[in-house]
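A.B. asks: Pasting the sequence and the predicted coordinates here, then a few questions.
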Amino acid sequence: TMQERVKFIHALTELKAQQPDVSFLSDDLKQTLEQADELVEEHKNNEKRIAFLEDVLQQYYIDRFKFRGINVKHRMDEVAKLISKYSWEALLTLFGAA
């Protein structure tokens, strides 16, 4: 995944600085090194989008139950954890529960 590739960029950059010949790396790692700047920029943009969507889901959760007269702000830590797991089933269960 992109997140895994971004984790390797710093180490690969240091490796290349100390040893310019990186022919021993796998093709995937070479490609990661060649596209480092683009990957980092795209990863930053994705993080912003994900944070925005997480906020939308949290606000929707609050508003959904607010219309029923139920205050669920005390459950926001639980909601944030479930959202960060990216589990569709867990989110459906959460939004179905009161």
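C.D. replies: Received it, and whenever you're ready, just let me know what you need. Note that the structure is predicted; figures quoted are calculated from it, not measured.

A.B. asks: could you pull out the helices for this structure?
C.D. replies: 2-18, 27-34, 36-66, 76-84, 88-96 (DSSP state H).

A.B. asks: Endpoints of stretch 27-47, how far apart?
C.D. replies: 26 Å (CA to CA, to the nearest Å).

A.B. asks: Now for this protein, the helix or strand with the poorest mean pLDDT.
C.D. replies: helix 88-96 (a mean of 82; mean pLDDT, DSSP states H and E).

A.B. asks: buried sites along it?
C.D. replies: L91, L94 (16 or more other CB atoms under 10 Å). C-beta: built from backbone N, CA, C; applies to glycine.

A.B. asks: what's near enough to touch L53?
C.D. replies: L53 makes contact with no residue, according to CB atoms under 8 Å, 6 or more residues apart in numbering.

A.B. asks: ok, now how distant is it from S26?
C.D. replies: 33 Å (CB to CB, to the nearest Å).

A.B. asks: Do you know the pLDDT at A97?
C.D. replies: A97 is assigned a pLDDT of 66 by the prediction.

A.B. asks: between the least confident helix or strand of the chain and helix 76-84, what angle do the directions make?
C.D. replies: Interaxial angle, helix 88-96 versus helix 76-84 (axes from the mean of the first three to the mean of the last three CA atoms, to 10 degrees): 150 degrees.

A.B. asks: I would like the residues contacting helix 88-96, please.
C.D. replies: In contact with helix 88-96 (CB under 8 Å, 6+ apart) are residues L57, Y61, R64, E78, V79, L82, I83.
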